[in-house]
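# A structural model of the following input is requested.
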Amino acid sequence: MVSPGSAARGALFISASLITDCGCDREVNEDCCQVVQPSDPGILERKGVLMVVADGMGGYQAGEVASRIAVETVTRAYYASDSEPQAALTSAFHDANREIHRFSLVRRELKGMGTTCTALAIQGGVAYSAHVGDSRLYIVRSNSIYQLTEDHSVVTELIKHGSLTREAARRHVDRNIILRALGSGATVEVATWEQPLPVRVGDCFILCSDGLYDSVTDDEIRMAAEAQGGEAACEALVAIARDRGGHDNITVVIACLDG
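As a prediction, this is how the structure comes out:
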């Protein structure tokens, strides 16, 4: 599924595209993603543009339910809130956690389900983020790529303690075991930035699930975003992941800022 779009924000023009693909081995796509660009100028002014990626888990179809609830709840709660963007985004994640956890308790077939969730809101010339799990948010700026989220995973903890290199982590048997997910408990710790990130013309943000970055390097993501941008870059990156096996669902959202 590809969904391009654009929205003006003051002196900036945000062009966003997304694609989510089942991959080569999976029968069900447990990833979910959405880009919301309000048509109402007042809402756009107050809350900006929102991008969300979620990668569900919990067995056949349960992960699909968890990721869908996450994206729908975060989107709805964020735009319904009267709080400033960061508080609204954080609160929306807690709402999603409670909703997923509640469903997992009342429906036996959904027991144990959960999902990663990474969201980016761009409003008023700055960006806000909320993050749980190991989906990722990157920025490509000035010919460099930076990972703006930290994976809540076993291998990240091993890297932080010096027990594993980043290169070895890409091949580690436990690389997809996460330590934090929406819905896995009654409460969750949501990672946010201490300060919003000022954005500028030329910035390109990439949100993706591990089905992409497990197969595609950060530098390849940067090159695709710089060379093609938007929809073409999304399609190119998914094609690379599929050519290398496509063992997991693959999701990528790319938002580029122009003047």
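# confidence score at Leu158?
pLDDT recorded at Leu158 is 75.
# Secondary structure element holding it?
In this assignment (DSSP states H and E), Leu158 forms part of helix 154-160.
# Can you dump the C-alpha atoms of that helix in PDB for me?
Taking C-alpha atoms only, helix 154-160 is exported to PDB below (Å, rounded to 0.1, in the frame of the first residue of the first chain):
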ATOM      1  CA  VAL A 154      18.000  -7.300  24.100                       C
ATOM      2  CA  VAL A 155      20.800  -6.600  21.600                       C
ATOM      3  CA  THR A 156      20.700  -2.800  22.300                       C
ATOM      4  CA  GLU A 157      21.300  -3.600  26.000                       C
ATOM      5  CA  LEU A 158      24.200  -5.800  25.100                       C
ATOM      6  CA  ILE A 159      25.700  -3.100  22.900                       C
ATOM      7  CA  LYS A 160      25.300  -0.500  25.700                       C
END
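# Mind listing what's buried along that helix?
Judged by neighbour count using 16 or more other C-beta atoms under 10 Å, the buried positions of helix 154-160 are 154-156, 158-159. The way it works is simple: take the backbone N, C-alpha and C, and place the C-beta from them, glycine included.
# repeat for stretch 179-197
For stretch 179-197, by 16+ other C-beta under 10 Å, it's 180-184, 188, 190-191, 196.
# Gly230: which of the buried residues of helix 154-160 is nearest?
Thr156 (29.6 Å; C-beta to C-beta).
# What sits closest to the closest one if chain neighbours are left out?
Leaving out its chain neighbours, the residue that sits closest to Thr156 by C-beta to C-beta, 6 or more residues apart in numbering is Glu150, at 6.3 Å.
# what phi and what psi does the backbone show at that neighbour?
Main-chain torsions, Glu150, degrees, to the nearest 10: phi -110, psi 130.
# Next, count neighbours for it.
Burial of Glu150 is recorded as 12 neighbouring residues (other C-beta atoms under 10 Å).
# What distance do you get for it to Cys22?
27 Å (C-beta to C-beta, to the nearest Å).
# ditto for Met223
For Met223, the distance to Cys22 - C-beta to C-beta - is 25 Å.
# There's contact between Glu30 and Gly56 in this structure, I believe.
Yes - the criterion here is C-beta atoms under 8 Å, and Glu30 meets it with Gly56 at 4.0 Å.
# what separates the longest helix seen in the chain from the chain centre, distance-wise?
Assignment by DSSP state H gives helix 85-106 as the longest helix of the chain. Computed by C-alpha atoms, centre = their mean, to the nearest Å, the chain-centroid distance of helix 85-106 equals 16 Å.
# and after that helix, which helix or strand comes next?
Per DSSP H and E, the first helix or strand lying C-terminal to helix 85-106 is strand 114-115.
# Show me what that next one is packed against.
strand 49-57, helix 62-80, helix 85-106 (3 or more C-beta pairs under 8 Å, 6 or more residues apart in numbering; DSSP states H and E).
# now do 7 Å
strand 49-57, helix 62-80 (3 or more C-beta pairs under 7 Å, 6 or more residues apart in numbering; DSSP states H and E).
# could the ones you listed be laid out in a markdown table, adding mean neighbour count and distance to Thr115?
A markdown table is the format used below for the helices and strands packed on strand 114-115 (neighbours: other C-beta atoms under 10 Å; distance: least, C-beta to C-beta, whole Å):
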| stretch | mean neighbour count | distance to Thr115 |
| --- | --- | --- |
| strand 49-57 | 28 | 4 |
| helix 62-80 | 23 | 4 |
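# so can I have JSON lines of the ones you listed showing mean pLDDT and distance to Ser129?
As requested, the helices and strands packed on strand 114-115 are exported to JSON lines (pLDDT from 0 to 100; distance: least, C-beta to C-beta, whole Å):
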{"stretch": "strand 49-57", "mean pLDDT": "97", "distance to Ser129": "10"}
{"stretch": "helix 62-80", "mean pLDDT": "97", "distance to Ser129": "12"}
